[in-house]
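J.: After the sequence you'll find the predicted model.
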Amino acid sequence: MIRRFYTEPEAIQESYNQAKVRYAQFGIDTDKAIQAALNVPLSLHCWQGDDVTGFEGVDELSGGGILATGNYPGRARNGDELRRDLSFAMSLIPGTSRLNLHALYAETGGKKVERDELTPEHFEKWMSWAKAQRINLDFNPSFFSHPKAQSGYTLANTDKTIRAFWIRHGKASRNIAAAMGIQQNSPVVNNIWIPDGSKDLVADRFTHRKLLTEALDEILNEPVEKKYIVDTLESKLFGIGSEAYVVGSHEFYMGYAVSRQIKLCLDMGHFHPTETITDKISALLSFVPGLLLHLSRGIRWDSDHVALYSDEIRDICRELTRLHAFDKVHVALDYFDASINRIAAWVIGARAFRKALLEAFLEPIDLIREAELSGRLHERLALMEEAKSFPIAPIWDALCLAAKTPVGPDWLSMIQEYEEKELSHRL
Ligand code: RNT
Ligand code: ZN
């Protein structure tokens, strides 16, 4: 049954006009806030569509300490299905979307191409789809789900041959990213995350880190068109099978990124369970050229639940808008849930971010700052509290309408339709 909750654009407009007046009393221009919130790019992760399986002929994600659980019907099995799902998801998501690709989504026409031999031509279909879709691409080398990653070590492997293979993959990936950047005439964020670590205690914590430093230097010193690629490095606290030791810890990459002036990636699920990333943003921006944020939601041992309109994401959005940091900070989704409709998983996370961003642009920040500067700290705190119950809902509806995307939960009926028409045929 197709159920529509909101059908009257006039009613939305009317509520919007009322809310607009309320915000204007605090000096906030809601039209401007909507535009600002729509303009910030959000990179959607291709891997939510197929449980991080990729197109290399394996049937599930393996190794690397990351795990997709669930078997909801409709997993995308090839590039065409994944692109169809993404186009559909993007039609339900307001604002500027990008697409974040992993190297294991190369399309090699049925031919076995090793990861160290990948070239931009293996991503041609993605590039022309992105062009038609009028979106930009981001990229990630894939250091997992591969026989040469089975030992748990890739770039930090003490075996020289294996390490060299992954270094070649890292270089190949940067070439692909730069080629994409040239084609879209705008930089591609190329994020390096490796699973390297150990399930149990290690005697030598240093050697792997030394090897990783050298491997990263070799990859990142490879000459590519610097204008078209933004390198980022992603740390992790622990993974499944790397509980005792992770080579690429936060301190490791922070030190590396500061010393080499490279951007860092902070994944919300990669810190201690009660540790959040908002306060790290301004601290790190003092010393590194920028950041990539992986929006996710950690629950207990899992770092990759669907991102929500949570206090954590709202705090991040407020911090980014207060800092005017969108020229230095890139934002991407990173989670995988195979137990619910995969397209809905994208839409929930992306809409959550966009709504939190809108809320941040609607914050009466000038008044809050003024209270802070003049020492009226009770006023600062009270305004922050009051702002939480400002009427954001009608502004959010108007944003969705302006972006020609469904208002409220209306998108759910479209998901239902798509399930019947498309996903139910994927057995
Ligand atoms: C893993 C990292 C990494 C991956 C993707 C698939 O813990 O978060 O970003 O999720 O590269
Ligand atoms: Zn991540």
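T.: Yes, it's here. Numbers count the residues shown, from 1 in each chain. Ligands and ions are numbered 1, 2, ... in the order given.

J.: How far off centre is stretch 214-227?
T.: 23 Å (C-alpha atoms, centre = their mean, to the nearest Å).

J.: Which parts of it count as buried, going by neighbours?
T.: By neighbour count with 16 or more other C-beta atoms under 10 Å, stretch 214-227 contains the buried residues 215-216, 218-220, 224. No exception for glycine: its C-beta is placed from N, CA and C like everyone else's.

J.: any idea which of these is closest to ligand 2?
T.: The nearest member of these to ligand 2, counting by C-beta to the ion, is residue 216 at 17.2 Å.

J.: contacting residues for that closest one?
T.: By C-beta atoms under 8 Å, 6 or more residues apart in numbering, the contact list for residue 216 reads 155, 170, 192, 233, 256, 260.

J.: next one: residue 32
T.: residue 361.

J.: Can you name the helix or strand that it falls in?
T.: When secondary structure is defined by DSSP states H and E, residue 32 falls within helix 30-39.

J.: immediately after that helix, which helix or strand?
T.: Using DSSP H and E, the next helix or strand after helix 30-39 towards the C-terminus is strand 42-45.

J.: Packing partners of that following strand?
T.: helix 79-91, strand 97-102, strand 329-333, helix 342-361 (3 or more C-beta pairs under 8 Å, 6 or more residues apart in numbering; DSSP states H and E).

J.: Which elements pack onto the longest one?
T.: In this case it means helix 342-361. By 3+ C-beta pairs under 8 Å, 6+ apart, helix 342-361 packs against helix 30-39, strand 42-45, helix 79-91, helix 311-323, strand 329-333, helix 392-402, helix 411-421.

J.: Kindly indicate whether residue 309 is helix, strand or coil.
T.: coil (DSSP: H, G, I helix; E, B strand; the rest coil).

J.: can you check residue 138 too?
T.: With three-state DSSP as the criterion, residue 138 reads strand.

J.: hang on, it packs against residue 43?
T.: Yes - counting by C-beta atoms under 8 Å, residue 138 does reach residue 43; the two are 4.9 Å apart.

J.: what residues are up against the closest residue to ligand 1 within the stretch 101-250 of the chain?
T.: Among all residues of the stretch 101-250 of the chain, residue 193 sits closest to ligand 1, at 4.2 Å; criterion: C-beta to the nearest ligand atom. Taking C-beta under 8 Å, 6+ apart, we find residue 193 in contact with 140, 143, 233-234, 236, 248, 265.

J.: and if we set it to 6 Å?
T.: Neighbour list for residue 193: residue 234 [criterion: C-beta atoms under 6 Å, 6 or more residues apart in numbering].

J.: same thing with the one 3 residues further on?
T.: Residue 196 is in contact with 153-154, 156, 247, counting by C-beta under 6 Å, 6+ apart.

J.: Likewise for residue 135?
T.: 97-99.

J.: wait, which of those is closest to ligand 1?
T.: residue 99 (13.7 Å).
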